[in-house]
Each structure stands twice: as structure tokens, then as C-alpha cells.
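# Here you go, sequence then predicted model.
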Amino acid sequence: MVTIIDYGVGNINAFLNIYKQLNIPATTAKTAAGLDHATKLILPGVGHFDYAMQRFTESGMKDKVNELVVNQKVPVVGVCVGMQMMAKGSDEGSLPGLGWINAYVHKFDASQVSAKLPLPHMGWNDIQIVKDTPLLKDLERDPRYYFLHSYYFKCNDQNDSIAETNYGINFTSAVNHDNIFGAQFHPEKSHHFGIQLLKNFAERC
């Protein structure tokens, strides 16, 4: 069962609507008990890093999710701030991240982002697939996704980076380490490109 972790941050209904359209069973979890039958996890996230981490901790689901992902190797995909939470930490806050991926989240350097490329990075942009992975299978040529962020994910091990995007600099826009996947962009807002990615996660990852 695809289970969307509902800790009060993220567009939960958009994921549910896509999976309903695909005829793929999906549900939400608001408590640790709600995670009991999860075989795939989606960790959404929007807004400030520390706020998201705090809400996740307060939800009572953090320890159970950590057990499922780290020890039981349940596949998980983090979206936007949900992906950033998988790193060790972020320039945006002081709280530690989940540390599932050896990475850190940095703020875009304004000196590298011209007036034509304002912050936040908002709107549609291309991704360049740099590593073969089930998450990014069968995408249409020149896949484009919807972004909204001012901070970017930097892997300490480049083998974890599976897609890059250019916004003044090349940055990692999707990651994969074992059973852990992440997308800096919003597949739930990215029309057919995002639908294929979420289908891949449910059926192939």
C-alpha cells in the first residue's frame, strides 16, 4: 500500500488523486499506527526546513518511519522539503535532518543567480537524468517538472544523484540511495511527467 505521510505539511490530496486516477491503492497516515500496512512511503514537504522537521517529530510518526525506512528497507520518496529532510541538515535551519542520505542542503548563492533567474526557483524546468533508476523510467523526452525552492540538495556521494537541473548552477534535483528516493520538484503538480514518476514509484521502486 502506498502511504502518504500526513504530518500537516504538503499537498496530500494531490497525491491521492493521482493514484486514484492510476487505479493504484493509496492511503494516508496521521499516526504511527496508520503506517502498519505501508509497503511504500511518500514524505511530502513544503515551506521552512525546521518547521517541517518539527511538525514531523510532533506527529509521532518520525521514529516509526525511520524504523520502516532504515531497518525494514521500505521504499520511500521525499518530495521538495521532504527530500531535503532526508539530508543531514540545511542552511535554512538549525535542526538536524533525518540523515538517510549523506548530503546537506544549501541556499542558492544569489551572486550566481542573475536578475533573470530570481529566487525562489519557481516554475517549470528540465531535469537531466544522470543515472539509471526505476523512479525515472519511461519518461517522455526532455522531462519537465514544477519547482518551488530557494535551497538545493548537495550530495556528498555523487552516486546518490540521479538527476540534475540547471538554475545558475547545476544542482541535484532527484536522488536515490538503496530504498530511498527523493525529488526536489513537485511531481504532484507536474502533469503527465509527474504522473509517470509516481506510477514508477508505486510499481517499480
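Received, thanks.

# what about residue 139, how many neighbours?
18 (other CB atoms under 10 Å). The way it works is simple: take the backbone N, C-alpha and C, and place the C-beta from them, glycine included.

# From residue 108, how far out is it?
For residue 139, the distance to residue 108 equals 25 Å [CB to CB, to the nearest Å].

# ok, and for the longest helix along the chain, which residues are buried?
The single longest helix within the chain, with elements called by DSSP state H, is helix 191-204. By neighbour count on 16 or more other CB atoms under 10 Å, the buried set for helix 191-204 is 193, 194, 195, 196, 197, 198, 199, 200, 201, 202.

# For it, C-alpha coordinates in CSV please.
C-alpha atoms of helix 191-204 as CSV (Å, rounded to 0.1, in the frame of the first residue of the first chain):
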residue,chain,number,x,y,z
HIS,A,191,1.0,16.8,-15.1
HIS,A,192,1.9,13.7,-17.1
PHE,A,193,5.6,13.9,-16.2
GLY,A,194,4.8,13.7,-12.5
ILE,A,195,2.1,11.0,-13.0
GLN,A,196,4.6,8.7,-14.7
LEU,A,197,7.2,9.3,-11.9
LEU,A,198,4.6,8.5,-9.2
LYS,A,199,3.5,5.4,-11.1
ASN,A,200,7.1,4.3,-11.3
PHE,A,201,7.5,4.7,-7.6
ALA,A,202,4.4,2.6,-6.9
GLU,A,203,5.1,-0.2,-9.4
ARG,A,204,8.9,-0.3,-9.8
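
# Max pairwise distance over the buried residues of helix 191-204: which two?
193 and 202 (15.6 Å; CB to CB).

# Longest strand in this structure, please.
Looking across the chain with DSSP state E, the single longest strand is strand 169-177.

# Could you look up the next helix or strand downstream of it?
Using DSSP states H and E, the helix or strand that follows strand 169-177 towards the C-terminus is strand 180-183.

# And for the residue nearest the centre of the chain, nearest residue in space, chain neighbours not counted?
The centroid of the chain falls nearest to residue 79 when counting by CA atoms, centre = their mean (2.3 Å). Residue nearest to residue 79 in three dimensions, not counting chain neighbours: residue 44, with 4.9 Å by CB to CB, 6 or more residues apart in numbering.
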